[in-house]
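Asker: Sequence first, predicted coordinates after that:
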Amino acid sequence: DLRRPITLVALAGASSLASGMVREVHAAISGVDQPFPSPADALVFLAYAFFVAAILSVVGRRTSRLGVDPWLDAAVAGVAAAILQWTIVVIPYLQSNDLSDAAKFTNVAYSVCSLVLVLVAVLALVAGSVPSPSNRLLALGLVVTFTADPVSLLVTKGSLPESASLVVVAVAIALGCAGTLHPSVRLLTARPQDSELSRRLTRRRITVLIMALFTPPILLLRSAVLGLTGIELVLPAAASLALTPLVLVRLGRLVRDNERLAATEQTLRSVGERLVAAESESDVRNIISAGLDRLIGDRLVPGGLAYV
């Protein structure tokens with residue numbers, strides 16, 4: 001059923017567009033160009049909520065139960081994204097004396113919302129999906145949406161022109177519309193064919209974990225080169241302490257699960273070969289019993305009863 005996630009995405013896009021119109025009306029009434037904070041920000045937060053609800057709705061339809069592993073992947077990505085965003089963009093912004101406390105608080109709220117969006121997006125990614133143009137377009141739209149917050153911070157600080165935020169929002173909405181209107185959108189909630197994908201030790205997953213693990217040291221090196229002190233050094237160091245055990249636990253679980261999957265596949269292959277060579281019904285019972293014993297031990301009935 002696509003109605004709920006598509007409706008939520010449409011509501012998110014409508015809220016985002018409405019926020020732009022409300023901000024323009026506020027600017028005309030107050031006489032301030034691009035007022036911030038503004039009542040329009042409430043609609044932007046509502047758009048974030050709709051986006052998060054849409055992604056969680058898709059995840060709920062793709063999988064019947066989420067285990068620990070997808071949440072670990074999401075936590076690793078979330079911590080890495082948070083340290084990157086806060087060290088490079090948010091902390092320098094908060095240290096500026098030219099902005100009001102209300103503007104700083106609102107932008108911090110924006111940062112938190114964008115990080116929540118990253119968490120649920122990674123959760124949807126690792127939960128598995130059927131590859132399709134619609135999925136790729138929607139994923140790209142989420143990436144652009146995540147960049148909207150740092151761009152808005154830089155616009156508020158005066159580092160980018162005001163039109164930059166509008167361009168990012170327009171691109172995100174265009175990608176979202178393209179993804180929802182593409183014929184392959186019917187595969188959006190389809191369950192992945194490989195139910196064990198989240199447990200496999202793939203090159204892509206290892207690359208992502210290594211990149212997350214190296215993010216804090218790279219930021220520490222950047223701070224040292226630029227001569228930064230204080231929170232710019234403390235934050236990456238604290239993130240490193242949080243990321244290292246998460247990555248190690250995830251890698252350990254991946255290696256363990258990969259060994260189990262390899263052993264299961266080897267057992268099934270061996271049982272299949274022996275069944276082909278079986279000469280009697282008794283041989284079949286013994287082969288199935290031995291195979292079940294190797295797969296699940298004594299937690300099930302004997303293989304002979306399963307055969308009958």
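Answerer: Ah, there it is. Residues are numbered from 1 along each chain as shown.
Asker: So what does T229 look like in phi/psi?
Answerer: With angles defined as degrees, to the nearest 10, T229 sits at phi -130, psi 180.
Asker: mind listing what it touches?
Answerer: S223 (Cβ atoms under 8 Å, 6 or more residues apart in numbering). For glycine as for every other residue, the C-beta is placed from the backbone atoms N, C-alpha and C.
Asker: any idea how far it is from L220?
Answerer: As judged by Cβ to Cβ, to the nearest Å, T229 and L220 stand 12 Å apart.
Asker: Phi, psi for the residue most central in space within the chain please.
Answerer: By Cα atoms, centre = their mean, the chain has its centre lying nearest to V122, at 1.4 Å. Backbone torsions of V122, given as degrees, to the nearest 10, read phi -60, psi -40.
Asker: Do I have it right that it meets V79?
Answerer: No. With contact defined as Cβ atoms under 8 Å, V122 does not reach V79; the gap is 11.0 Å.
Asker: Average pLDDT for stretch 20-29, rounded please.
Answerer: Throughout stretch 20-29, pLDDT has a mean value of 86.
Asker: no no, stretch 144-163
Answerer: On average, stretch 144-163 scores 75.
Asker: ok, then the element right after whichever helix or strand I29 is part of?
Answerer: Assigned by DSSP states H and E, I29 belongs to helix 3-30. Where DSSP H and E defines the elements, the next helix or strand beyond helix 3-30 is helix 40-62.
Asker: Which strands and helices lie in contact with that following helix?
Answerer: Judged by 3 or more Cβ pairs under 8 Å, 6 or more residues apart in numbering; DSSP states H and E, the packing partners of helix 40-62 are helix 3-30, helix 101-126, helix 133-157.
Asker: which regions of this protein lie under the pLDDT threshold?
Answerer: Along the chain, the parts satisfying pLDDT under 70 run over 1, 157, 193-202, 204, 295-308.
Asker: picking up where we left off before, what is the orientation angle of the helix holding I29 with helix 133-157?
Answerer: Inter-element angle recorded for helix 3-30 and helix 133-157: 20 degrees (by axes from the mean of the first three to the mean of the last three Cα atoms, to 10 degrees).
Asker: ok and helix 3-30 relative to helix 40-62, angle-wise?
Answerer: Helix 3-30 runs at 170 degrees relative to helix 40-62, counting by the same axes, to 10 degrees.
Asker: For helix 3-30, list every residue counted as buried.
Answerer: 5-6, 8-9, 11-13, 15-16, 19-20, 22-23, 26-27 (16 or more other Cβ atoms under 10 Å).
Asker: And for stretch 31-41?
Answerer: For stretch 31-41, by 16+ other Cβ under 10 Å, it's 35-38, 40-41.
Asker: ditto for stretch 275-293
Answerer: By neighbour count on 16+ other Cβ under 10 Å, the buried set for stretch 275-293 is 284-289, 291-292.
Asker: what's the answer for stretch 119-136, then?
Answerer: Across stretch 119-136, burial judged by 16+ other Cβ under 10 Å covers 119-130, 132, 134-135.
Asker: returning to what we had before: ok, now which ones touch the residue nearest to the centre of the chain?
Answerer: Neighbouring residues of V122 by Cβ under 8 Å, 6+ apart: 73-74, 77-78.
Asker: so after the lengthiest helix in the chain, what's the next helix or strand?
Answerer: Secondary structure of the chain per DSSP state H: the longest helix is helix 231-276. Where DSSP H and E defines the elements, the next helix or strand beyond helix 231-276 is helix 281-296.
Asker: what angle do that following helix and helix 231-276 make?
Answerer: 170 degrees.
Asker: Off-centre distance for helix 281-296?
Answerer: 42 Å (Cα atoms, centre = their mean, to the nearest Å).
Asker: tell me which strands and helices it is in contact with?
Answerer: Helix 281-296 sits against helix 231-276, helix 303-307, with contacts defined as 3+ Cβ pairs under 8 Å, 6+ apart.
Asker: Assess the claim that L8 and L56 are in contact.
Answerer: No. Here L8 does not reach L56: they are 9.2 Å apart, not a contact under Cβ under 8 Å.
Asker: Report the next helix or strand after the helix or strand where L175 lies in sequence order.
Answerer: Following DSSP H and E, one finds L175 within helix 163-181. Scanning forward in sequence from helix 163-181 by DSSP H and E, the next helix or strand is helix 203-226.
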